[in-house]
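Student: I need the structure of the sequence given here:
(one chain, ligands or ions: 1)
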Amino acid sequence: MTPIRGILIGMGALPPEPGWSPLSQTLRWSFRPLAFMAECRRRYGDAFSVRFLGFSRPMVLISDPGAIRALYTESANGLPPGRNLVLEPIVGPRSVLLLEGAEHLARRRLMLPPFHGERMRAYEATVRTAVDREVDSWPLGEPFPIHARMQAVTLEVILRAVFGVHEGPRLERLRERLATVLEETASPRVQLVGLATRRFSGRGPYARFERQLREVDEMLLAEIAEHRARPDLAERDDILAMLMTARFEDGTGMDDRELRDQLMTLLLAGHETTATGLAWTFDLLLSHPAVLARLRDSLAAGEEEYLRATISESLRLRPVIPLAGRRLAVPLRVGDYELPAGTDVTPAIWLTHTRGDLYPEPFAFRPERWLEGKPDSYAWIPFGGGVRRCLGATFAEFEMRIVLRQVLGRCDLRKASPAPEQTGRRNITLSPKDGTPVVLESRAPAGVADPQPSPA
Ligand code: HEM
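Tutor: Just a heads-up that it's a prediction; the model follows:
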């Protein structure tokens, strides 16, 4: 495809950019992200540049798996400033999501163990209990949005995994406050107002958000102090205790401020994303009765392969995070373009996942395709890739499997409306705009869906 308008940056030309102003591009991206990306793909093909308000340079969006592999496997590539701009006010400057180079790798080494293999089995009962409690509270015969209910489940799971199983008024308040903080930042409108006003005003939505965040901070720091005082700290298996007792190579550990940032990161990254992935999976399943029937049959037969395929297919067709970019440390070849070091480049995850050359009938929800063979690992990137690939990916898929098995085992659900769910933006996610309203037709008592433990 011939570039209509290439952009010159340093010595290299960037792929073409739509002729709309940065304001128009930002608004299109904020309110109709899929239509915006599809339009750019139709006009410019595999790679194009976009310009968002508040960013001094364009961002190049790519969707060719070869280029994505080259981008992600060059570990010297850094982060583009977008991540800091949106996330730093919430997760803090020491967050593993935002650090780079040796500092980043040291945190990953410390933070990965709780999210892998056998460790995760310990969370299985926690997830099942959280789902059962939720399902028991759902009204029969009345519509309710399943996205919000999945948020309640995943928040409960991550809070318990992070802090251990103890209950108390502080955890109760923390649960409530965290949900509010996320709600405050959810709509693109509040985000845009926040970006525009936060430097100039002590009032308005951003100031309220900051107040709530300070309250959450105080609670997190109080939890940390309480944990430090526990005589059984070294024996505890909650994530906070593990982070407190873990040591970097030089023998030091994380201080309280940093612990706060990593906790906030895990609570944020591990909660909204997984809930959104689950809401989309329910939306797709309830809109595709044949797939749902096959999944139910396979679960009843004690099989797990189709469940895994369903989750892969859902995260392909409805990726929760749209972009996971890098700032180039070295030049990158993308088709005819040699992108210079310093360029901000990001895989457009949904565009990659809906390429007809990688996925026949790319817009069809067909878990069977995952039984027929696996695509190139850089053709399926809901969790990003390389040294920054999602730290909680295994945990998220594990949690999704348990929730789906448990809910489908106990509930007969249908969509409240046959209209297809639209994609909206919530925080940094692409989520079901109306929250996927469903109706619970019937419910079996807790216990009937409890399966054999599954491999992690
Ligand atoms: C379906 C659920 C989830 C999705 C779709 C998702 C997606 C992502 C993506 C796209 C990234 C950026 C990767 C990159 O830049 O290459 C990321 C990073 C991260 N995620 Fe997840 N995530 C999910 C669940 C979780 C969970 C459950 C946790 C932890 C409890 C978690 C913790 C993190 C952390 C700490 C990072 C930063 C990694 C780094 O920069 O080294 N995520 N996730």
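Student: Pull the residues that contact stretch 407-416.
Tutor: 131-132, 135, 138, 143, 146, 282-283, 286-287, 292, 295-296, 299, 436-446, 448-449, 451 (C-beta atoms under 8 Å, 6 or more residues apart in numbering). C-beta coordinates here come from the backbone N, C-alpha and C atoms, glycine included.
Student: Please check those and keep the buried ones.
Tutor: Neighbour counting with 16 or more other C-beta atoms under 10 Å marks 131-132, 135, 138, 146, 282-283, 286-287, 292, 295, 299, 436-440, 443, 446, 449 as buried within those.
Student: Inside helices: which ones of those?
Tutor: 131-132, 135, 146, 282-283, 286-287, 292, 295, 299 (DSSP state H).
Student: What residues does residue 182 make contact with?
Tutor: Counting by C-beta under 8 Å, 6+ apart, residue 182 has contacts 151, 268, 271-272, 427.
Student: quick check: mean pLDDT across the helix or strand containing it?
Tutor: Assignment of secondary structure by DSSP states H and E places residue 182 within helix 169-184. For helix 169-184, the mean per-residue pLDDT is 81.
Student: before we move on, what about stretch 262-281?
Tutor: 94.
Student: Please save the CA atoms from that stretch in CSV.
Tutor: In CSV, the C-alpha atoms belonging to stretch 262-281 read as follows (Å, rounded to 0.1, in the frame of the first residue of the first chain):
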residue,chain,number,x,y,z
GLN,A,262,4.1,-3.1,43.7
LEU,A,263,1.0,-3.9,45.7
MET,A,264,-1.0,-1.2,43.8
THR,A,265,0.4,-2.5,40.6
LEU,A,266,-0.7,-6.1,41.3
LEU,A,267,-4.1,-5.0,42.6
LEU,A,268,-4.7,-2.8,39.5
ALA,A,269,-3.2,-5.1,36.8
GLY,A,270,-4.6,-8.2,38.3
HIS,A,271,-8.1,-7.1,38.8
GLU,A,272,-9.7,-5.1,36.0
THR,A,273,-8.0,-7.0,33.2
THR,A,274,-9.0,-10.4,34.3
ALA,A,275,-12.6,-9.3,35.1
THR,A,276,-12.8,-7.8,31.6
GLY,A,277,-11.5,-10.9,29.9
LEU,A,278,-14.1,-12.9,31.8
ALA,A,279,-16.9,-10.5,30.9
TRP,A,280,-16.0,-10.7,27.2
THR,A,281,-15.8,-14.5,27.4
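Student: Does at least one residue of that stretch sit close to the ligand?
Tutor: Yes: for stretch 262-281, a contact with the ligand is found by C-beta under 6 Å from any ligand atom, at 265-266, 269-270, 273-274, 277.
Student: need the residues of the stretch 301-450 of the chain near the ligand, please.
Tutor: Residues of the stretch 301-450 of the chain lying near the ligand (C-beta under 6 Å from any ligand atom): 320-321, 324, 382-385, 388-392, 395-396.
Student: Give me the most central residue, the chain.
Tutor: With distances taken as C-alpha atoms, centre = their mean, residue 273 lies nearest the centre of the chain, 3.3 Å away.
Student: got the contact list for the closest residue to that one other than its chain neighbours?
Tutor: Of all residues not flanking residue 273 in the chain, residue 320 sits nearest, at 5.1 Å (C-beta to C-beta, 6 or more residues apart in numbering). Residue 320 makes contact with 273, 276-277, 280, 382, 429-431 under the criterion C-beta under 8 Å, 6+ apart.
Student: Between which two of those is the distance greatest?
Tutor: Spanning the widest gap among the contacts of residue 320 are 382 and 431, at 13.6 Å by C-beta to C-beta.
Student: Report the residue spans of the chain with pLDDT below the cut-off.
Tutor: Along the chain, segments meeting pLDDT under 70 span 1-12, 165-166, 185-205, 450-456.
Student: on contacts alone, who are the packing partners of the longest strand belonging to it?
Tutor: Longest strand in the chain by number of residues (criterion: DSSP state E): strand 437-443. For strand 437-443, the packing partners by 3 or more C-beta pairs under 8 Å, 6 or more residues apart in numbering; DSSP states H and E come out as strand 143-145, strand 411-415.
Student: follow-up on the earlier one: and the residue nearest to the centre of the chain, its phi and psi?
Tutor: phi -60, psi -50 (degrees, to the nearest 10).
Student: show me the contacts for residue 376.
Tutor: 65, 69, 358.
Student: Export these to TSV and append columns for neighbour count and distance to residue 173.
Tutor: What follows is those, written out as TSV (neighbours: other C-beta atoms under 10 Å; distance: C-beta to C-beta, whole Å):
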residue	neighbour count	distance to residue 173
65	20	45
69	18	45
358	17	47
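Student: Give me the subset of those residues lying in helices.
Tutor: Assigned to helices by DSSP H, the following of the contacts of residue 376 qualify: 65, 69.
Student: Just give me the closest of the contacts of residue 376 to the ligand.
Tutor: Ranked by distance to the ligand (C-beta to the nearest ligand atom), these are led by residue 69 at 12.4 Å.
Student: shouldn't the closest one be in contact with residue 379?
Tutor: No: the pair residue 69 / residue 379 is not scored as a contact, 9.5 Å apart, by C-beta atoms under 8 Å.
Student: And the strands in the stretch 351-456 of the chain?
Tutor: In the stretch 351-456 of the chain, the strands defined using DSSP state E, counting those that start in this stretch lie at 411-415, 423-426, 429-432, 437-443.
Student: Show the buried residues in the residues of the stretch 301-450 of the chain next to the ligand.
Tutor: 320-321, 324, 382-385, 388, 390-392, 395-396.
Student: Which members of the residues you listed occur in helices, if any?
Tutor: Per DSSP H, the subset of those in helices is 395-396.
Student: between the residues of the stretch 301-450 of the chain next to the ligand, which is closest to residue 256?
Tutor: residue 391 (21.0 Å).
Student: and the closest one, what does it touch?
Tutor: Contacts for residue 391 were tallied using C-beta under 8 Å, 6+ apart; they are 96, 108, 111-112, 115, 269.
Student: so residue 329, which of the three states?
Tutor: Secondary structure, DSSP: H, G, I helix; E, B strand; the rest coil: residue 329 is coil.
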